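**Student:** fold the following, please.
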Amino acid sequence: MKRILSISVVVLLVCAAAGCQTKAQTGAAIGAGGGAVAGQAIGGDTKSTLIGAGAGAVGGYIIGNEMDKQDAKQNP
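**Tutor:** The predicted model follows:
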């Protein structure tokens, strides 16, 4: 079951990242996937997976948004 979930998350991330236009969007997608996998591995249940996905998405968005801001400063 964990293997199927992991493969599904990776496929979803690749599809989601392909359509992202900013680093914030890409960071949120990758963070959500990574957080979901980590939550499943640590907690082993749906609640942990969803918490991990949410925390990963927020963290990934924050990092990607900061990268977008730096790019905007360097390339006016």
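
**Student:** next one, pLDDT for residue 71 please.
**Tutor:** pLDDT recorded at residue 71 is 91.

**Student:** sorry, that was for residue 7
**Tutor:** Residue 7 is given a pLDDT of 68.

**Student:** try residue 56
**Tutor:** 92.

**Student:** residues in contact with the residue nearest the centre of the chain?
**Tutor:** The C-alpha lying nearest the average C-alpha coordinate of the chain belongs to residue 31 (C-alpha atoms, centre = their mean; 2.2 Å). With contact set as C-beta atoms under 8 Å, 6 or more residues apart in numbering, residue 31 has these partners: 56-61, 63. C-beta coordinates here come from the backbone N, C-alpha and C atoms, glycine included.

**Student:** filter those residues to the buried ones?
**Tutor:** Taking 16 or more other C-beta atoms under 10 Å as the criterion, what is buried in the contacts of residue 31 is 56-57, 59-61, 63.

**Student:** go through the residues you listed and name the one nearest residue 26.
**Tutor:** Lowest distance from residue 26 to these (C-beta to C-beta) belongs to residue 60, with 7.9 Å.

**Student:** with adjacent residues omitted, what lies nearest to that closest one?
**Tutor:** Spatial nearest neighbour of residue 60, excluding adjacent residues (C-beta to C-beta, 6 or more residues apart in numbering): residue 31 at 2.2 Å.

**Student:** element containing that neighbour?
**Tutor:** Using DSSP states H and E, residue 31 maps to helix 23-43.

**Student:** can you mark which positions in that helix are buried?
**Tutor:** 23-40.

**Student:** off-centre distance for stretch 30-42?
**Tutor:** Its chain's C-alpha centre and that of stretch 30-42 lie 8 Å apart, by C-alpha atoms, centre = their mean, to the nearest Å.
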